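**Student:** this is a predicted model, with the sequence first.
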Amino acid sequence: MKNYTGIGARGTPEDIGKIMTDLAMKLSDNDYVLRSGGANGADTFFEMGASTADIYLPWKKFNGRDLEACGINYHYKYDKTFNSKAEKIASTVHPAWSNCNGTVRKFHTRNVYQILGLELNAPSDFVVFWAVPDGEQVKGGTNTAVQLAKERGVPTFNLYEDDTKERILKWIK
């Protein structure tokens, strides 16, 4: 099975959102399954275009997502063993884990599943996202997923960068 992670900032611009939705449709046509997190912005744009997806939620009914849709699987009941393993992974990637409260930790732990899958053993083939760069990192919660992907050798593509955006636009047309 081919998987990719489609994520990014809640404040993703609409024009980038259209690219994300179109890209998700094109990738679905090429037998890719989306992994995302059900957040507003980038996650939602990707989900709108995907015909098959694994959406990892931090808790049941997050952002109103609850009912399984055709081809869309919502995951929120994580096995305690895997969840503690995912949380441990998140804690090694997040730069200030000790400052995160329980809710914030759930969001970052959910990001681990977006990259590694439900059993934490099948990294995505690549990650497409939109987030504002901040040195070698990106701003916001997306950074946890991006840093984990880089650590695991998963290619990452930031639609914030013009050359990445142009390459993807050429491919989806």
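**Tutor:** Thanks, I have it.

**Student:** which other helices and strands does the longest strand along the chain contact?
**Tutor:** The longest strand of the chain (DSSP state E) is strand 2-8. Under the contact criterion of 3 or more Cβ pairs under 8 Å, 6 or more residues apart in numbering; DSSP states H and E, strand 2-8 touches helix 14-29, strand 32-36, helix 42-49, helix 102-116, strand 127-130, helix 142-151. C-beta here means a position set from N, CA and C on the backbone, and glycine is covered the same way.

**Student:** so for it, mean pLDDT?
**Tutor:** For strand 2-8, mean pLDDT rounds to 98.

**Student:** next, the angle helix 42-49 makes with that strand.
**Tutor:** Between strand 2-8 and helix 42-49, the angle formed by their directions is 130 degrees, by axes from the mean of the first three to the mean of the last three Cα atoms, to 10 degrees.

**Student:** what ranges in this structure fall below the confidence cut-off?
**Tutor:** 67-69, 82 (pLDDT under 70).

**Student:** okay, now the closest residue to residue 134 other than its chain neighbours: neighbour count?
**Tutor:** In this structure, residue 134 finds its nearest non-sequential neighbour in residue 143, 7.6 Å apart by Cβ to Cβ, 6 or more residues apart in numbering. Here the number of neighbours of residue 143 (other Cβ atoms under 10 Å) works out to 20.

**Student:** could you number the chain from 42 rather than 1 from now on?
**Tutor:** In the new count, where the first residue is 42, that last one comes out as residue 184.

**Student:** and residue 184, how far from residue 211?
**Tutor:** 27 Å (Cβ to Cβ, to the nearest Å).

**Student:** on that earlier part again, doesn't residue 172 make contact with the residue nearest to residue 175?
**Tutor:** Yes - using Cβ atoms under 8 Å, residue 184 makes contact with residue 172 at a distance of 7.1 Å.

**Student:** one step back: direction included, what does the longest strand of the chain pair against?
**Tutor:** Strand 43-49 pairs in its sheet with strand 73-77 (parallel), strand 168-171 (parallel), by DSSP bridges.

**Student:** tabulate these in JSON lines, adding columns for distance to residue 87 and mean neighbour count.
**Tutor:** Shown next, in JSON lines, are the strands paired with strand 43-49 (distance: least, Cβ to Cβ, whole Å; neighbours: other Cβ atoms under 10 Å):
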{"stretch": "strand 73-77", "distance to residue 87": "5", "mean neighbour count": "25"}
{"stretch": "strand 168-171", "distance to residue 87": "8", "mean neighbour count": "26"}
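
**Student:** what's the closest of the ones you listed to residue 153?
**Tutor:** If you check each of the strands paired with strand 43-49 against residue 153 by Cβ to Cβ, strand 73-77 wins as the nearest, at 10.9 Å.
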